[in-house]
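Engineer: I need the structure of the sequence given here:
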Amino acid sequence: MTNTADQTVDARGLNCPLPILRTRKALNGLNAGQTLQVIATDPGAVKDISAFCEQTGHLLVSTQQAGNEHIFVIRKS
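Structural biologist: Numbering: from 1, shown residues only. Model prediction:
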């Protein structure tokens, strides 16, 4: 998989709410339009990341699964 994101958060092995907290912190450090890739193993992250993006106005560009890893790309609004 090619990573074209501006930054990556490795949240593998972390459970809720840590993946969201790390995602929020990383997005705060990005400029509008930049992208963040989040890799998580917590199955709850699928619903959590989607809800987080809806609530904060960031765009969930893509979601995919590779084995037990969920990979999200978010564009900062």
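Engineer: Isn't residue 31 up against residue 7?
Structural biologist: No. With contact defined as Cβ atoms under 8 Å, residue 31 does not reach residue 7; the gap is 10.8 Å. For every residue, glycine as well, the C-beta is placed using N, CA and C.
Engineer: Please say which of these two ends up with more neighbours.
Structural biologist: The residue with more neighbours, out of residue 31 and residue 7, is residue 7; 15 against 7, by other Cβ atoms under 10 Å.
Engineer: Contacts only, for that one.
Structural biologist: 26, 29-30, 34-37 (Cβ atoms under 8 Å, 6 or more residues apart in numbering).
Engineer: With residue 57 instead?
Structural biologist: residue 77.
Engineer: Centre of the protein to the edge, which residue is at the far end?
Structural biologist: residue 67 (16.9 Å; Cα atoms, centre = their mean).
Engineer: For residue 9, pull up the helix or strand it's in.
Structural biologist: Assigned by DSSP states H and E, residue 9 belongs to strand 7-11.
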